[in-house]
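J.: Sharing a model that was predicted from the sequence below.
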Amino acid sequence: MPRGQEPLLTRRPSSHNDERATEEDALLTGQRPIRQSSTSRWARYREIALFVWGLIATAAVIILAVVYQHQSSKTTPDRHGDRPTGKRNLVFMVSDGMGPTSLALTRGFKQYVNALPWDDTLVLDKHFIGNSRTRSSSSLVTDSAAGATAFSCGHKSYNGAISVTPDHTPCGSVMEAAKRAGYTTGLVVTTRITDATPACFASHVRTRAMEDQIAEQLIGNGPLGRNVDLIFGGGRCHFLPNTTAGGCRADGRDLIANADEHDWNYISSREDFDNLGSSVELPLLGLFAPTDIPFEIDRRHVDDDYPSLEEMTKTALRALSDATKDSEQGFFIMIEGSRIDHAGHNNDPAAQVHEVLAYDRAMQAVLDFLEEDDTEGLMVATSDHETGGLATARQLNVDYPEYLWYPGVLANATHSAEHTARLYFSHLSASKPSKADLPKYLTKLINDNLGIKDVTREEIDYLIEHPVLSPWTMSQIISKRSQTGWSTHGHSAVDVNIYSSNRHASKKLHGNHENTEVGEFLRWYLNVEDEMKEVTKELKDKLEISGGESWLGAVPSQEDLAVVASHLMSPQRGFD
Ligand SMILES: *[C@@H]1O[C@H](CO)[C@@H](O)[C@H](O)[C@H]1NC(C)=O
Ligand SMILES: *[C@@H]1O[C@H](CO)[C@@H](O)[C@H](O)[C@H]1NC(C)=O
Ligand SMILES: [Zn+2]
């Protein structure tokens with residue numbers, strides 16, 4: 001282990017790890033964990049097993065070495081795909097918080113709901129090319145900020161970093177470099193556009209909580225001016241003063257009223273979006289919700305209010321393609337299935353399968369576009385990390401576990417746990433109901449929204465005693481019955497998948513990679529490596545001129561970063 005890494009990889013002594021862990025297991029499983037004492041017989045079996053394993057492993061290494069030598073003497077493999085020489089478009093897709101298990105969960109759900117054969121797959125499955133290791137510089141478990149910094153800058157950084165390196169200085173992003181090289185650029189997301197993933201492509205701050213400053217930089221008030229030509233997503237909040245409805249800027253500024261300084265055309269509703277028609281004028285800022293766009297499982301009931309990820313994707317690709325029709329360079333766009341992550345944080349499997357299916361449809365739209373468009377183009381997709389420690393199986397009691405899980409339970413849910421809990425909160429604050437009336441109300445609420453008909457008295461009591469935890473409790477009610485397992489309300493360190501529209505063109509990403517290599521690939525494909533260096537230099541120069549802290553923020557303390565992380569993990573996260 002390299003020096004200096006010990007504290008990162010060593011378990012910190014903390015009371016947190018003992019009592020709280022037991023409590024949390026109980027919260028996740030509804031049962032106290034059973035601890036078995038080890039026996040000497042077990043130790044002996046282990047020794048024998050290790051010895052046999054050692055023998056097999058040695059034999060395998062020898063055989064592999066011989067085979068490999070034989071193979072490599074026959075072929076001289078071309079390890080690098082060719083970079084196109086002419087005009088090109090690059091579509092980078094991010095499925096925030098989607099690990100491999102999300103695919104199995106969603107595939108099983110889709111087969112069940114549509115009565116499809118066992119070998120039916122998702123669009124994603126057909127384009128799998130490799131996987132990515134995700135650790136950050138500050139932890140084996142990354143957050144979205146460090147994850148997206150790996151994609152945008154090609155650097156590992158600390159959790160909470162928005163395109164700054166571990167020394168807290170800014171690193172040029174691939175989108176800023178692409179803009180400088182003449183590409184037209186776009187960002188399409190389903191969260192707030194000021195959230196960590198999109199933020200990393202066109203802003204630089206020392207902690208992801210600085211969403212007011214991120215909004216400023218996204219529209220072009222940052223050190224490099226405007227780097228994005230098209231923005232679709234949620235998040236009007238950080239563009240509007242906190243004195244107006246739906247605004248939360250602390251500095252009283254109205255960025256939308258001043259957006260025409262940077263020539264932005266602004267739209268804010270489904271109606272505006274539908275009226276775009278075939279002539280879209282860039283730059284275009286489309287912010288369709290005050291914060292996040294609702295989960296797909298909820299959005300489909302209010303389709304008149306918000307465009308879907310697929311619709312935003314199609315309109316964005318068309319607009320960027322039209323805008324670059326006569327230019328020398330093509331476009332670069334990042335499209336994110338942002339709220340797969342939020343369904344994971346909530347441990348809500350019903351919300352998650354609809355998020356993944358929405359992302360799958362968006363990917364099909366990208367593939368269709370690339371197929372039809374005349375310009376050479378490539379789609380590369382991956383996740384920043386997994387969220388929830390999802391498992392498509394769950395042991396509910398001490399008996400031998402059953403080998404199954406029940407997609408039918410997810411199919412009966414018509415809304416997310418987040419939406420259902422929000423209805424419960426409104427009911428509590430609006431009607432000040434008596435405790436005696438709540439069981440009847442909650443039983444109906446859960447039946448109507450989560451499709452669960454056999455909610456228990458214990459579950460109802462828990463919801464009444466702990467209303468604040470209800471998004472998690474409601475998710476657990478679904479997860480237990482569908483036998484879906486979760487190990488955390490945060491992220492996990494499992495490797496995530498990499499996908500591509502063209503296996504040959506993305507040869508460099510076959511197999512297992514660091515997330516930073518995905519970032520390196522993006523700038524390599526766009527041929528903007530020199531521009532990346534220029535942008536980084538310009539950012540560092542401007543940082544010196546401005547005295548450092550105006551746009552980048554102060555160097556955050558460990559405490560600052562911990563507060564952001566715990567807020568993101570709270571059951572109330574979806575409510576602000
Ligand atoms: C707006 O932000 C300022 C600065 O943080 C704060 O003092 C004020 O209370 C906020 N106003 C509202 C209405 O939240
Ligand atoms: C789903 O709902 C239907 C209709 O109410 C019911 O018959 C079925 O048992 C439910 N499925 C599951 C797995 O709960
Ligand atoms: Zn993330």
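T.: Here it is on my side, so go on. Ligands and ions are numbered 1, 2, ... in the order given.
J.: And whichever helix or strand Trp551 is part of, what does it pack against?
T.: Taking DSSP states H and E as the definition, one finds Trp551 inside helix 549-552. Applying 3 or more Cβ pairs under 8 Å, 6 or more residues apart in numbering; DSSP states H and E, one finds that helix 549-552 makes contact with helix 211-219. Quick note: C-beta positions are derived from backbone N, CA and C, even for glycine.
J.: The helix it packs on: what's the following helix or strand?
T.: Past helix 211-219, the next helix or strand by DSSP H and E is strand 230-234.
J.: average pLDDT across that next one?
T.: Throughout strand 230-234, pLDDT has a mean value of 98.
J.: rewinding a little: residues in contact with the helix holding Trp551?
T.: 164, 168, 170, 204-206, 213, 216-217, 222-223, 543 (Cβ atoms under 8 Å, 6 or more residues apart in numbering).
J.: next one: stretch 355-367
T.: Under the criterion Cβ under 8 Å, 6+ apart, residues 91, 93, 95, 98, 102-103, 105-106, 109-110, 122-124, 127, 190, 295-297, 308-310, 313-314, 317, 335, 337, 339-340, 343, 379, 381, 499, 501 lie in contact with stretch 355-367.
J.: Could you list the low-pLDDT ranges of the chain?
T.: Low-confidence segments of the chain (pLDDT under 70): 1-81, 547-549, 567-570, 572-576.
J.: Spell out which residues of this structure are next to ligand 3.
T.: Taking Cβ under 5 Å from the ion as the criterion, the chain approaches ligand 3 at residues 96, 144, 341, 384.
J.: In these, find the pair that's most separated.
T.: Taking Cβ to Cβ as the measure, these span a maximum distance of 8.2 Å, between Asp341 and Asp384.
J.: Return every residue with contacts to both of the two.
T.: 96-97, 144.
J.: which non-adjacent residue is nearest the most centrally placed residue in the chain?
T.: For the chain, the residue nearest the mean C-alpha position is Asp96 (1.2 Å; Cα atoms, centre = their mean). Closest residue in space to Asp96, ignoring its immediate chain neighbours: Asp341 at 4.0 Å, by Cβ to Cβ, 6 or more residues apart in numbering.
J.: Any idea which residue of the protein lies closest to ligand 2?
T.: Gly408 (3.2 Å; Cβ to the nearest ligand atom).
J.: which residues sit in contact with that residue?
T.: 112, 482.
J.: If you count neighbours, what's buried in the helix or strand hosting it?
T.: When elements are assigned from DSSP H and E, Gly408 belongs to helix 407-412. Neighbour counts over helix 407-412 (16 or more other Cβ atoms under 10 Å) mark 407, 409-410, 412 as buried.
J.: Just the CA trace of the next helix or strand after that helix, in PDB.
T.: Sequence-wise, the next helix or strand beyond helix 407-412 is helix 417-431, with elements assigned using DSSP H and E. The C-alpha coordinates for helix 417-431 follow below in PDB (Å, rounded to 0.1, in the frame of the first residue of the first chain):
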ATOM      1  CA  ALA A 417     -42.100   5.800  -2.500                       C
ATOM      2  CA  GLU A 418     -40.900   9.500  -2.600                       C
ATOM      3  CA  HIS A 419     -44.200  10.600  -4.200                       C
ATOM      4  CA  THR A 420     -46.200   8.500  -1.800                       C
ATOM      5  CA  ALA A 421     -44.400   9.900   1.200                       C
ATOM      6  CA  ARG A 422     -44.900  13.400   0.000                       C
ATOM      7  CA  LEU A 423     -48.700  12.800  -0.100                       C
ATOM      8  CA  TYR A 424     -48.400  11.500   3.500                       C
ATOM      9  CA  PHE A 425     -46.500  14.600   4.600                       C
ATOM     10  CA  SER A 426     -49.100  16.900   2.900                       C
ATOM     11  CA  HIS A 427     -51.800  15.000   4.700                       C
ATOM     12  CA  LEU A 428     -50.100  15.400   8.000                       C
ATOM     13  CA  SER A 429     -49.500  19.100   7.600                       C
ATOM     14  CA  ALA A 430     -52.800  20.000   5.900                       C
ATOM     15  CA  SER A 431     -55.400  18.100   8.000                       C
END
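J.: quick revisit: I'd say the residue nearest to Asp96 and Gly97 touch.
T.: Yes: between Asp341 and Gly97 a contact is recorded at 2.8 Å, counting by Cβ atoms under 8 Å.
J.: list residues touching both of these two?
T.: 144, 387.
J.: Just give the number of residues close to Gly246.
T.: By other Cβ atoms under 10 Å, 14 other residues sit near Gly246.
J.: Doesn't it belong to a helix?
T.: No: checked against DSSP: H, G, I helix; E, B strand; the rest coil, Gly246 lies outside a helix; its state is coil.
J.: Look up how far Arg226 lies from the residue nearest to Asp96.
T.: Asp341 sits 28 Å away from Arg226, going by Cβ to Cβ, to the nearest Å.
J.: Neighbour count for those two, which is higher?
T.: A count of neighbours by other Cβ under 10 Å puts Asp341 above the other of Asp341 and Arg226, at 30 against 19.
J.: contacting residues around that one?
T.: 96-98, 144, 387.
J.: And for Glu534?
T.: 172, 177, 180.
J.: Make sure the last one is actually in contact with Lys533.
T.: No: when contacts are counted by Cβ under 8 Å, Arg180 is not listed as touching Lys533 (10.8 Å).
J.: Give me the more crowded residue out of those two.
T.: When Arg180 and Lys533 are compared for neighbours, Arg180 comes out ahead with 18 against 12, by other Cβ under 10 Å.
J.: name the element the residue nearest to Asp96 belongs to?
T.: Per DSSP H and E, Asp341 falls inside helix 340-346.
J.: How far off centre is that helix?
T.: Relative to its chain's centre, helix 340-346 lies at 9 Å (Cα atoms, centre = their mean, to the nearest Å).
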